[in-house]
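>>> mind looking at a prediction? Sequence and model below.
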Amino acid sequence: MTSLAAVFAAIPLVIATGPGTELRRPLGITIIGGLFVSQVLTLYTTPVIYLLIDRLRNRFRPAPVPAPAE
């Protein structure tokens, strides 16, 4: 939600016309592109890292001791 608000805040930099827009437009494009890339990377890498940690934890977990028969 915060990324979306920042993207909407940068849109006027991209679509503006008038003097000085040749300096502000690259800034807006960079902001929007960076937010988009960071959001996509976060959405895909976080679950992968959690899965890798879980697999490592399961690999090094000691084997369960069987309960004695009664």
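Received the coordinates, thanks.
>>> what about the helix or strand hosting Leu4, distance to the chain center?
Using DSSP states H and E, Leu4 maps to helix 2-15. When C-alpha coordinates are averaged (CA atoms, centre = their mean, to the nearest Å), helix 2-15 and its chain have centres 17 Å apart.
>>> list the contacts of it.
Applying CB atoms under 8 Å, 6 or more residues apart in numbering, the contact partners of helix 2-15 are 24-25, 27-29, 31-32, 35-36, 38-39. From N, CA and C alone the C-beta is placed, and that goes for glycine too.
>>> buried subset of these, written for PyMOL?
For the buried members of the contacts of helix 2-15, the matching PyMOL selection, counting by 16 or more other CB atoms under 10 Å, is:
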select buried, resi 28+31+32+35
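>>> in helices only, show me the contacts of helix 2-15.
24-25, 27-29, 31-32, 35-36, 38-39 (DSSP state H).
>>> pLDDT wise, what is the residue nearest the centre of the chain at?
Taking CA atoms, centre = their mean, the centroid of the chain lies closest to Thr42, which sits 1.9 Å from it. Looking at Thr42, its pLDDT is 91.
>>> any chance of the contacts of helix 2-15 in CSV, with pLDDT and distance to Phe60 too?
Output for the contacts of helix 2-15, formatted as CSV (pLDDT from 0 to 100; distance: CB to CB, whole Å):
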residue, pLDDT, distance to Phe60
Arg24, 92, 53
Arg25, 94, 52
Leu27, 93, 47
Gly28, 94, 48
Ile29, 95, 46
Ile31, 94, 43
Ile32, 95, 43
Leu35, 94, 38
Phe36, 93, 37
Ser38, 93, 32
Gln39, 91, 33
